[in-house]
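Enquirer: just need the structure, nothing else, for what follows:
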Amino acid sequence: ALRTWGSIGPHEIRREVRLWQNSRRIAYLVEIDAQEDNGIFCVRFPTGDCDRVAAGIPFGVESRDNLAAEPFRGTGFTDGYPEGYYATGWTDVSGADTGYTFICPPGMHTGYLFQRQNRSLEFILLHLRTMPVDVFRSCHPLLQGKGHHSWRFALVPHEGSWQQALSYRQAHEQQVPLLAYSPWYNLSRGGVSTEAVPSRLTGPPAYFGTLPLQLEEATAQPVQSFVSVSPANVVLSSLRLIPSGDGDAKQQYELRVYETAGQAAEVTIQFAAAIQQVRQVNFLGDPLDSAGKIETNGKEVRFAIQPWKIVTLRVKPIR
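Expert: Numbers count the residues shown, from 1 in each chain. This next block holds a predicted model:
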């Protein structure tokens, strides 16, 4: 990690660049102690010969190569920013053979600017504005941009296209990290009294069931996935337990996957337990058959998915 300190005018700046072993991601941390002022803080990266721009959007990707032809240009969204555009968690700039993906700070989906003339990609971090006293006699400092601010973002250089680089997965790893939670660890070591816990959670660990472990060839360590999805261009976006609907106490899984690279694929979903039944539904749980034939074989579910499509499944395990 490389850390630097400095100032821009009255504003104190701290920056960190961090590299991780066996990772292409270049992680950044920027902190600003902003004083009263007018202006904009941006981060800027050179793009070299890159001339193709892609933007991550909910459940897909859109090209940003022709901003003038996009709807809503000239509205309040882009006034003053003719080269600005919308994306969710990430954007990518690529040339003939190489490019990089910029992963923005979580929750900041506007502020992207691709400037072809000076060959740069910018992202707006902070607006500073002085509020007129005769209009705003009492104004919180954050409305002016003042105070302490912190942002984390990343660059991921790659060869080839963003599809080959799996840019969308890099953005998910940065912005939606996997969080592990163990109820038994928290009950026994987190200071929680078992008297306040329902009896169904204080029984022997067998209550939660066991998963058969397999040896991972690369590390010879025991591993087991509760559910896995392939190929890589199909992403699992949600998974939850819901009542089976059969009037019994059993539950079923509802999971949603989507195709994110614009490429049709044969999807395989592998579960840790054998499957009894699977059916496709819409967002409301009503029957749907847009995915066509869905096959089950032991612990696997297989079906075809079309480019950019979303498929929601309800799966009943045997036990």
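Enquirer: longest helix of the chain?
Expert: Longest helix in the chain, counting residues (DSSP state H): helix 167-175.
Enquirer: can you give the distance of it from its chain's centre?
Expert: On the basis of C-alpha atoms, centre = their mean, to the nearest Å, helix 167-175 sits 5 Å off its chain's mean C-alpha point.
Enquirer: and if you look at stretch 287-301?
Expert: Put simply, stretch 287-301 sits 26 Å off its chain's centre (C-alpha atoms, centre = their mean).
Enquirer: still on that earlier bit, name the residues of the longest helix of the chain that are buried.
Expert: Neighbour counts using 16 or more other C-beta atoms under 10 Å place Ser167, Tyr168, Gln170, Ala171, His172, Glu173, Gln174, Gln175 of helix 167-175 among the buried residues. Just so you know, the C-beta spots here come from the backbone N, C-alpha and C atoms, and that holds for glycine as well.
Enquirer: packing partners for the helix or strand encompassing His127?
Expert: Assessed by DSSP states H and E, His127 sits inside strand 120-128. For strand 120-128, the elements it packs on are strand 26-34, strand 39-46, strand 112-115, strand 147-159, judged by 3 or more C-beta pairs under 8 Å, 6 or more residues apart in numbering; DSSP states H and E.
Enquirer: can you list contacts of it?
Expert: For strand 120-128, the external contacting residues (C-beta atoms under 8 Å, 6 or more residues apart in numbering) are 30, 32, 34, 36-47, 91, 93, 102, 104-105, 108, 110-115, 144-146, 149, 151, 153.
Enquirer: relative to it, what are the paired strands and their orientations?
Expert: strand 39-46 (antiparallel), strand 112-115 (antiparallel) (DSSP bridges).
Enquirer: reformat those strands as JSON lines; add distance to Gly245 and mean neighbour count.
Expert: What follows is the strands paired with strand 120-128, written out as JSON lines (distance: least, C-beta to C-beta, whole Å; neighbours: other C-beta atoms under 10 Å):
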{"stretch": "strand 39-46", "distance to Gly245": "50", "mean neighbour count": "14"}
{"stretch": "strand 112-115", "distance to Gly245": "44", "mean neighbour count": "19"}
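Enquirer: which of the ones you listed has the lowest average pLDDT?
Expert: Within the strands paired with strand 120-128, confidence is poorest for strand 112-115, with a mean of 88 (mean pLDDT).
Enquirer: how far away is Ser238 from Lys316?
Expert: Separation of Ser238 from Lys316 (C-beta to C-beta, to the nearest Å): 18 Å.
Enquirer: so between these two, which is more surrounded?
Expert: The neighbour comparison of Ser238 against Lys316 (other C-beta atoms under 10 Å) goes to Lys316, with 16 against 9.
Enquirer: so how far is Thr296 from the more buried one?
Expert: Using C-beta to C-beta, Lys316 is found at 10 Å from Thr296.
Enquirer: check Thr47 too.
Expert: Distance from Thr47 to Thr296, by C-beta to C-beta: 47 Å.
Enquirer: for these two, indicate the residue with more neighbours.
Expert: Thr47 (21 against 17).
Enquirer: so the more buried one makes contact with Phe114?
Expert: Yes: if you go by C-beta atoms under 8 Å, Thr47 and Phe114 touch, sitting 7.5 Å apart.
Enquirer: identify the contacts common to these two.
Expert: Common contacts of Thr47 and Phe114 (C-beta under 8 Å, 6+ apart): Val93, Leu121.
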